[in-house]
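Trainee: give me coordinates for this.
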Amino acid sequence: MQGMSILFDPINIVLASVVLFVLLKLFQVLGQRTGNEKLPPLPIIKTEPRPTDVLASPNTEAPKPIWQGFAPEGSDLAEGLVEIANQDVAFDPKAFVDGAKIAHERILEAFAKSDLATLKFLLAKAVYGAFETEVNRRKKQGEIAVFKFVGINSAIIKAAKLNGKVATIDMEFSSQIISAVKASNGDLLHGSETSVDDVKEMWSFERDLTSRDPNWKLSETHDHD
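Mentor: Below is the predicted model:
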């Protein structure tokens, strides 16, 4: 009877109940392992970069200087191009040269054809006035301009400067043209209708960088020295 009383002691019963409860919970959580169960996913840990961390950007090169390929480093020309680019973020020397070559050809052709509308669009006011005067004189005299643009050999930026908000770029053009002027009766006054002339000129283009008009206009022309 003493053994039975120890077996049914209340404390032993409570301890046995606790052990049974724990074993039951473990069985419910763990179940029966077969060795093929999927492991739980690893936790995702997010970290913020530290101030001392260096964020590398692979395959990223620093932009080349605006003057590279157009002016010697440290030259007045290089400094002028940099000043213009600092005021006009869209400025690109290569695009400017390409546009200047097109303008050079169109201006010469428009002048030969007495096309004042095109000239007014491409020329600064002072230069347009001089071209308009010559076109009107030619019309009054009945003179006929003969012109053919054969091709351009080179177009080089020679100078660039910024005066306030007005940028000016000097271009040296070397081109081949056929040019002549005839009288109203067909007599040749000067030039040749067949021979190709090599012409080298200096043209200046300017643009007000505060203007919404993105076009550069011819502001001065003179023969190359």
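
Trainee: going by C-alpha atoms from here, please, whenever you check contacts or count neighbours.
Mentor: Noted.

Trainee: which residues touch Ala126?
Mentor: Ala126 makes contact with Ser219, according to Cα atoms under 8 Å, 6 or more residues apart in numbering.

Trainee: now do the same contact list for Arg207.
Mentor: By Cα under 8 Å, 6+ apart, the neighbours of Arg207 are 166-168, 214-217.

Trainee: what residues are bridge-paired with it?
Mentor: Ala167 (DSSP bridges).

Trainee: pull the longest strand from this structure.
Mentor: The residue-count maximum for a strand in the chain (DSSP state E) belongs to strand 144-163.

Trainee: elements contacting it?
Mentor: Applying 3 or more Cα pairs under 8 Å, 6 or more residues apart in numbering; DSSP states H and E, we find strand 144-163 packed against helix 76-87, helix 93-112, strand 166-182.

Trainee: got the buried residues for the last one?
Mentor: So the one you mean is strand 166-182. Going by neighbour count (16 or more other Cα atoms under 10 Å), the buried part of strand 166-182 is 167-182.

Trainee: repeat that for the shortest one.
Mentor: In terms of neighbour count (16+ other Cα under 10 Å), helix 76-87 has its buried residues at 77-85.

Trainee: quick check, nearest of these to Tyr128?
Mentor: Nearest to Tyr128, judged by Cα to Cα, of the buried residues of helix 76-87 is Ile84 at 24.7 Å.

Trainee: contacts only, for the closest one.
Mentor: Counting by Cα under 8 Å, 6+ apart, Ile84 touches 91, 161-162, 167.

Trainee: swap the cut-off to 10 Å and go again
Mentor: 66, 90-92, 160-163, 165-169, 209 (Cα atoms under 10 Å, 6 or more residues apart in numbering).

Trainee: filter these down to the buried ones.
Mentor: 66, 91, 160-162, 167-169, 209.

Trainee: quick one, the helix or strand where Lys139 lies and strand 166-182 angle?
Mentor: Applying DSSP states H and E as the criterion places Lys139 in helix 125-141. Between the axes of helix 125-141 and strand 166-182, defined by axes from the mean of the first three to the mean of the last three Cα atoms, to 10 degrees, the angle is 10 degrees.

Trainee: buried ones in helix 125-141, by neighbour count?
Mentor: Buried residues in helix 125-141, defined by neighbour count with 16+ other Cα under 10 Å: 127-128, 131-132, 135, 138.

Trainee: distance from stretch 155-165 to the middle of the chain?
Mentor: Here the centre of stretch 155-165 is set off from its chain's centre by 18 Å, with Cα atoms, centre = their mean, to the nearest Å.

Trainee: could you export stretch 153-166 as CSV, CA atoms only?
Mentor: Output in CSV follows, covering the C-alpha atoms of stretch 153-166 (Å, rounded to 0.1, in the frame of the first residue of the first chain):
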residue,chain,number,x,y,z
ASN,A,153,37.6,69.7,-96.9
SER,A,154,37.7,70.7,-93.3
ALA,A,155,35.8,72.6,-90.6
ILE,A,156,37.9,73.5,-87.5
ILE,A,157,37.0,75.4,-84.4
LYS,A,158,39.7,78.1,-84.0
ALA,A,159,38.4,80.2,-81.1
ALA,A,160,35.6,80.2,-78.5
LYS,A,161,34.7,82.8,-76.0
LEU,A,162,31.9,83.9,-73.8
ASN,A,163,31.0,87.6,-73.4
GLY,A,164,28.4,87.8,-70.7
LYS,A,165,25.7,85.4,-72.0
VAL,A,166,26.7,85.6,-75.6
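
Trainee: no further questions, thank you.
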